[in-house]
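Peer 1: I would like to see how this sequence folds:
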Amino acid sequence: MNSKFELIYEGKAKKVFAHEDSDKVIIEFKDDATAFNALKKAKFEGKGELNCLISSKIFEFLIKNKIPTHYLGLQNNNSMIAQKIKIIPLEVVLRNTAYGSLCKQTLIKPGSVLESPLIDFYLKNDDLNDPLITKDRINLLKIINNEELEFISEMTLKINKLLKTFFFNIKLNLVDFKLEFGRNIKGEIVLGDEISPDNCRLWDLSQKNGTIVSLDKDRFRNDLGGFIEAYSEISKRINNFI
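Peer 2: Sure thing, here's the model as predicted:
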């Protein structure tokens, strides 16, 4: 579908193509699933389409709630049109509940609800395995200035409030999620990348007895099975809600 457009960039889960409007790009979602910095890989038919459609619905919801994003609309079921942005080399992780790396690096027990949301910054660099980075190191590397970092932190907290409610309405607990931001042609910082079960940890609130059932990439990461079924369930719940 996008063969007539120049491929600008290919990542683990998406391809970015030029658009006939030089201020825009076409983002095509791949069927690839990766974990542990792509040490674990597989293909799942339909994954790209599910992530694209889920992301588009969530971006539309955020835009309605005055969150600036790169999203402009769907090109087709597995491609979206977006503003051309220069990605800021930071991964912004917000945690509502302790799980994963936070529990490996601290004495906090998995499943502990945090008193307030925790924001962690990681340097976006595959060669360095995306290390945790401090605010002082962000300043040292001149990635962004203090004002921009504060803006991104505030935006992340706003997004968290909106997404927690959004997912709660479809019986999902938003445990944590990863965001990426970039600058558009006007120099404005906007939310980029995607918001999908690939970068959100989502637990099913329909379960009884406090059983944790992941409906996200942990199903692939931890060999739980039912990977595409989990993504399909999220898509179905969103479509029934919106």
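
Peer 1: What is the lengthiest strand in the chain packed up against?
Peer 2: Looking across the chain with DSSP state E, the single longest strand is strand 113-123. Identification of packing neighbours for strand 113-123 by 3 or more CB pairs under 8 Å, 6 or more residues apart in numbering; DSSP states H and E yields strand 90-97, strand 132-133, helix 135-140, helix 146-168. For glycine as for every other residue, the C-beta is placed from the backbone atoms N, C-alpha and C.

Peer 1: bridging residues for Tyr122?
Peer 2: Counting by DSSP bridges, Tyr122 forms beta bridges with Glu91, Leu132.

Peer 1: Just the pLDDT for it.
Peer 2: Per-residue confidence (pLDDT) for Tyr122: 97.

Peer 1: Tell me how many other residues crowd it.
Peer 2: Tyr122 has 18 neighbours, counted by other CB atoms under 10 Å.

Peer 1: Also Lys57?
Peer 2: That count, for Lys57 with other CB under 10 Å as the rule, works out to 18.

Peer 1: before we move on, what about Asn77?
Peer 2: Neighbours of Asn77 under the rule other CB under 10 Å: 14.

Peer 1: How about it, nearest residue that isn't a chain neighbour?
Peer 2: Spatial nearest neighbour of Asn77, excluding adjacent residues (CB to CB, 6 or more residues apart in numbering): Glu49 at 4.8 Å.

Peer 1: In this structure, where is pLDDT below threshold?
Peer 2: 1-4 (pLDDT under 70).

Peer 1: Quick one: residues contacting the residue of it most remote from its centre.
Peer 2: Of all residues in the chain, Asn209 has its C-alpha farthest from the mean position, at 28.8 Å, by CA atoms, centre = their mean. Taking CB atoms under 8 Å, 6 or more residues apart in numbering, we find Asn209 in contact with no residue.

Peer 1: before we move on, what about Gly46?
Peer 2: Contact analysis of Gly46 by CB under 8 Å, 6+ apart lists Asp31, Ile228, Ser232.

Peer 1: Kindly report the same for Phe5.
Peer 2: Phe17, Ala18, His19, Glu20, Ile26.

Peer 1: now stretch 162-175, how far from the chain's geometric center?
Peer 2: Between the centre of stretch 162-175 and the centre of its chain there are 14 Å (CA atoms, centre = their mean, to the nearest Å).

Peer 1: Compute the first-to-last residue distance for it.
Peer 2: This stretch, stretch 162-175, spans 14 Å end to end (CA to CA, to the nearest Å).

Peer 1: Mark out where each domain of this protein begins and ends.
Peer 2: Listed domain ranges for the chain are 7-83, 86-241 (source: automatic domain parsing).

Peer 1: how distant is the first one from the center of its chain?
Peer 2: Here domain 7-83 is found 10 Å from its chain centre; the criterion is CA atoms, centre = their mean.
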